[in-house]
Every structure is written in structure tokens, then in C-alpha cells.
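Peer 1: Below: sequence and its predicted model.
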Amino acid sequence: MKPNMPRHELFSCRTIALAALLALAACAEVPTDPVARMAYDEANDPAEPANRLIFDGNQWVDRNALQPAARTYQNYVPGGVRDGVRNFGQNLGTPVVLVNDVLQGNMSRAWTTAQRFAVNTTVGVAGLYDVASDWDLPAHEADFGQTLGVWGVGPGPSVQLPLLGPSNLRDTAGTAFGFLGDPVGNVPGMQVIQMSSSVAGVIDGRARMLPMTGELEKNSIDYYAALRSMYEQRRAAFIEEGKTGSLPSAEDGAPPTPAP
């Protein structure tokens, strides 16, 4: 995919991919055994055979490219530089958080988000330093999938997205909306910066999750099902956080990634 592909073409590609997944879901067989049917319904994964194929591809990329890059990054990049990368990426994503805070009606969170962006963009040197947290302006996450959940949209069936990993139908739609609704992405020249920051952010995030995913893969009977369950639990908690409009305390530091 070309780095400078227009946003409407990016959206079209992802829409086609989603339609293909839904078509595969329609072809999946529903088990007739009562016990198997109960497990099938609880998993809410009608396209599981196709999802597992995509998962296997994602795992190959993870083991052969992403994990080695993450370990190299963790071992050789100084902690202060890693903090700067994380802070810069978080600040770059703050306008999307602000849009979703407003759409969710969380005006207190929106005001905090606006102040964080102003402080970190200026005093924090374009977001390299998280000055706002020291000024009692704690960070939080919000995305379009969360907004749809706050509006009452259910998660829908599980979806395994190429390269992006576990999701569900609601959050997949939220991801597509995110590509179109990012105010920063509409600023000329910012797409290259966003892409570079996203690549660095993926490697940084993978490095931080290495211990957790390593333990989960080692101890779980079915790694695919374990990740699927963990994703749904974390997203359900994330939706509830949006409904309450709660903010973490400043001492909590950076918020956890809402999805594995």
C-alpha cells in the first residue's frame, strides 16, 4: 500500500477487507452439538476458521519481524528516547481523543484533553515530554470504537484484522472511522509524520507487551482464544470507562493500551 494513498482509498481498501471477512462469516458452519453450540455462541466468532487463518499470518509476522524489532528496540534504545517516542505518538493522537470525548458527551475529559494537547505541544516540545501529567492533567484514551459502544452499539462478532490483530465488528468500524476522522491527518504534510510515529509506536507498544504476551502464549491452551477473550474483556472495560467519563489520577501515569 502506498504511503501517500488518499484517505478515501485507504477507507475503501479496509471496507473491502471487512466485506470479505463478513462473507467468510456467512459461510462458517454453526455446530449442532449443544455444548459446542454454547461455546460457539459465547465466543461470538462465526468466522473463526477464517479468523484463525489470518491469526496464523499475523503470528508469523509477529514472530519473524515485530518481536525481533521490539527486542532490539528495547535492548538498544535508551529509556529516555523510548519515553519521548511514546509521548510524541500519544500527543499526536490527542486530537482524536478530544473528538471522541466530545462525541461521548464527556466534556470534563474533553477539557482535560484540550489542555494536555496545548501544554505538551508547547511546553512539552511538540509532545516529546509529558509535562501535562505533572500539571495534574492525566492522560486517557478514547477512540471511535469506544464512542460507538458508549452510544449503545454492541460489539458484534469477533474479527481478526490482518496485521492489526483481534477486534470485533464495532471496533473495526471504529478503526475505519478513525482514519477519516483524525483532524491531524487532514493537515498537509502530517501523514508522513503520522506514519513514522505509528511505526515507532507499534514497535514501542510491542516491546512493552512482550512479557505479558509471552506468559499468555506459554500458559494458554489456545493462544488465539486467549487473546480473543482478553481483547473483549479489555474493550468491555474501556467502553464502561467511556460511559462513566472517569479520568485516571495523575499518579497513574500513561493509560494502558485499550486493546492488545
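Peer 2: Good, I have the coordinates.
Peer 1: what about L247, is that helix, strand or coil?
Peer 2: Look at L247: counting by DSSP: H, G, I helix; E, B strand; the rest coil, its state is coil.
Peer 1: show me what contacts V99?
Peer 2: V99 makes contact with G181, P183, according to CB atoms under 8 Å, 6 or more residues apart in numbering. The way it works is simple: take the backbone N, C-alpha and C, and place the C-beta from them, glycine included.
Peer 1: Now it: which helix or strand?
Peer 2: Secondary structure assigned from DSSP states H and E places V99 in helix 94-103.
Peer 1: Need the CA coordinates for that helix. CSV is fine.
Peer 2: Extracted as CSV, the C-alpha positions of helix 94-103 are listed here (Å, rounded to 0.1, in the frame of the first residue of the first chain):
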residue,chain,number,x,y,z
THR,A,94,-4.7,13.6,21.3
PRO,A,95,-7.0,15.4,18.7
VAL,A,96,-8.7,12.1,18.0
VAL,A,97,-9.2,11.6,21.8
LEU,A,98,-10.6,15.1,22.0
VAL,A,99,-13.1,14.4,19.1
ASN,A,100,-14.3,11.2,20.8
ASP,A,101,-14.5,12.8,24.3
VAL,A,102,-16.9,15.4,22.7
LEU,A,103,-18.9,12.8,20.8
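Peer 1: Let me know the angle separating the next helix or strand after that helix from helix 94-103.
Peer 2: Toward the C-terminal end, the helix or strand that comes next after helix 94-103 (DSSP H and E) is helix 107-122. Relative orientation of helix 107-122 versus helix 94-103 (axes from the mean of the first three to the mean of the last three CA atoms, to 10 degrees): 170 degrees.
Peer 1: Thanks again, I'm all set now.
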